[in-house]
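Student: need a structure here:
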Amino acid sequence: MKKTLLASTALVGAALLAAPASAGNVGSKDAMSVTLGGTLWFSVGVYDEDISAGRGRGYRFAVNEAEVYVNASNTADNGIKYGVSIELNAGAADGTASDEVYAFLDSDQWGRLELGDQDDATNRMGLGSQNAHKGFGGPTGGLGSNLTLFGGFGGEGLGARADWDNNTTSDDTKATYFSPRFGGFQLGASLTPDTGITSGTGGLVDTDNDGDFENVISYGVNYVGKVDEIGVGLSFTGQTGQDEDALGSGKTVEDLSIWHVGGKVDFAGFTLGAHYNDFGETSITTANANNGADAGSTWSVGLGYQAGPWGVSAWYTDHEKDNANTSPAGARQTELTRLGFGAGYTVAPGWLLRADLEFISHDNISDGTGTGTTTDNDGRGFMLTNMFIF
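Tutor: I've put the predicted structure just below:
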C-alpha cells in the first residue's frame, strides 16, 4: 500500500549529531543565515541466505545515502526563530530531487512548529534498542538499512524496523508540533492529511480512495533526564489513521493503529535500550482480519558501550504476527527474529566507520495482508560503512 522510501533520515540525524560541526556558511543578503552541508555513505556488504534468487553473488557495494543539506534561519524581533530545511538528493539513482523539505517556527515559550515533508513525531520521539546500537542499521532497518537484504523481510515491513513511520507517513507532507521540555517531559503531535501527498505530487488534489492512509494523527510523549549519574529516557508514542479504500466501495483494508513504549538507560559509557511496538491490524485486509489475522507486535533490546571514538553493541529483535485461518496449514503464525552486533569508530572529523554483523531467522513469511506461507528464510551478513559528513 505504502511504498518504503529509501532515505533513512533518523540515521542521518544521528550521524550528524555524532560528527563534529563542519557545515559551511554562505550568504543570503539580510533575509536568513544559510548553512550548507551534506553526507555520503559508502558500504561494502557480504551476505548469505537460504532464499537467494537474484542475489546469489553474495556481496555488494552501495551508496546508501548521498545528500546535500541547505538550512536557512533567522530570528524575528519578537524572539521567534524561523527558517527552512532542504535535503537535496545527490545519488545517481535517486528518483526525486529532494528528500525532506520543510519550514519551521521555534520559540522557547511555546515550542516548535514544522510544516512540510518531514518525519513525524513518533519517529523522532520514540526511544528503544536502536539508541544503544553503534553500527549502521541495526534495529532501525536492519543490515544495510535503506537497502535491506534478506528479501526485504517479506510482508513484515512494520515489524522489521524500530521506526515504523518509514512504512506509514514517512516524509509525506504534514504539520508537526513539539512542546518545550518541562521537567524533562516533552509532548509532540503530527497531522498528515494524506500519505500520498509529498512535494510535487499534486498537493491538494490527491484522491482519497487510492489505498493510502488519511487523517493520520501521530502523537508522543517522552522523558529525558538524570537520576544521580544515570541517564534515563522513556517514551510512549502512537499513530491512528483511516484507510482510503482503493476500490471506493466498502471497507477492505483495516485502519492504521499502532502504539509503542520504550526507553533507555545510560551509565559510565553503557547504554541499555528496549522497546515494544503493537501494530494492531494495520493494513491487514478486512477479510483476513475477520479470520484472525493481525499485523503483530515487536519487542527488542540492545546494549552498547562507547569509549572515546570507539563504540560496540549487541541487540536482539523478535516480531510475531498471526495470519488468517485460511493460510496454508502450518503457516498460522509468522515469526522474524534478528540478532545483531555493531561497532563504530570516528576516524577523523567528518569520517565515521560503522560495522554490522547480523543473523536472521524468518519463519512462514507472509504477504503483508494477513496471509502466511510455509516459506522460511535464514540469513547472515556483514557490512562495513564509510560515512562522510561535511
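
Student: Surely Leu357 and Trp315 touch.
Tutor: No. Assessed by Cβ atoms under 8 Å, Leu357 is found out of contact with Trp315, at 11.0 Å. In short, each C-beta sits where N, CA and C put it, glycine included.

Student: Give the residues shared as contacts by these two.
Tutor: Here Leu357 and Trp315 have Gly340, Phe341, Gly342 as joint contacts, going by Cβ atoms under 8 Å, 6 or more residues apart in numbering.

Student: Filter those down to the ones in strands?
Tutor: Gly340, Phe341, Gly342 (DSSP state E).

Student: The second one against Ser313, yeah?
Tutor: Read it as Phe341. Yes. Between Phe341 and Ser313 there is a contact under Cβ under 8 Å: 7.0 Å.

Student: These two - which one has more neighbours?
Tutor: Set Phe341 next to Ser313 and count neighbours by other Cβ atoms under 10 Å: Ser313 wins out with 27 against 18.

Student: For that one, which residues count as its bridge partners?
Tutor: Residues in a beta bridge with Ser313, per DSSP bridges, are Gly304, Gly342.

Student: ok, it - contacts?
Tutor: Ser313 neighbours (Cβ under 8 Å, 6+ apart): Ala132, His133, Lys134, Gly135, Gly138, Gly302, Leu303, Gly304, Tyr305, Phe341, Gly342, Ala343.

Student: Can you say which of those residues are buried?
Tutor: Burial by neighbour count, 16 or more other Cβ atoms under 10 Å: within the contacts of Ser313 this picks out Ala132, His133, Lys134, Gly135, Gly138, Gly302, Leu303, Gly304, Phe341, Gly342, Ala343.

Student: Tell me the one of those nearest Gly225?
Tutor: Set against Gly225, the nearest of those by Cβ to Cβ is Ala132 (18.0 Å).

Student: Look up phi and psi at the closest one.
Tutor: phi -90, psi -10 (degrees, to the nearest 10).

Student: what separates it from Asn290, distance-wise?
Tutor: According to Cβ to Cβ, to the nearest Å, Ala132 and Asn290 sit 39 Å apart.

Student: Give me the most central residue, this protein.
Tutor: Asp163 (3.4 Å; Cα atoms, centre = their mean).

Student: Correct me if wrong: it contacts Gly137.
Tutor: No. Between Asp163 and Gly137 there is no contact under Cβ under 8 Å: 10.9 Å.

Student: Tell me which two of the contacts of Ser313 sit farthest apart.
Tutor: Gly138 and Tyr305 (14.4 Å).

Student: and the helix or strand harbouring Val221, what does it pack onto?
Tutor: Following DSSP states H and E, one finds Val221 within strand 213-227. Contact here means 3 or more Cβ pairs under 8 Å, 6 or more residues apart in numbering; DSSP states H and E; on that basis strand 213-227 packs against helix 121-125, strand 185-194, strand 230-243.

Student: Out of the ones you listed, the one nearest Ser52 is which?
Tutor: helix 121-125 (31.9 Å).

Student: All the helices of the chain, residue numbers only.
Tutor: 9-18, 121-125, 286-290 (DSSP state H).

Student: rank the ones you listed by mean pLDDT and give me the bottom one.
Tutor: Out of the helices of the chain, helix 9-18 stands lowest, with a mean of 40 (criterion: mean pLDDT).

Student: measure stretch 342-356 end to end?
Tutor: 5 Å (Cα to Cα, to the nearest Å).

Student: for stretch 347-355, that is, sorry about that
Tutor: Span of stretch 347-355 from end to end, Cα to Cα: 13 Å.

Student: I'd like the mean pLDDT over that stretch, please.
Tutor: 97.

Student: buried stuff in that stretch?
Tutor: Buried residues in stretch 347-355 (16+ other Cβ under 10 Å): Gly350, Leu352, Leu353, Arg354, Ala355.

Student: before we move on, the earlier item: and the residue nearest to the centre of the chain, what pLDDT?
Tutor: At Asp163, pLDDT is 87.

Student: Test my guess that Val216 contacts Thr168.
Tutor: Yes. Contact status for Val216 versus Thr168: in contact at 6.9 Å, counting by Cβ under 8 Å.

Student: More neighbours: the two, which one.
Tutor: Counted by other Cβ under 10 Å, Val216 and Thr168 do not tie: Thr168 has more neighbours, with 27 against 24.

Student: wait, what's in contact with the more buried one?
Tutor: Taking Cβ under 8 Å, 6+ apart, one finds Lys2, Thr195, Phe213, Val216, Gln239, Gly241, Leu256, Ile258, Thr282 in contact with Thr168.

Student: Listing request: residues of the protein with sub-threshold pLDDT.
Tutor: 1-29, 54-55, 142-152, 200-205, 246-250 (pLDDT under 70).
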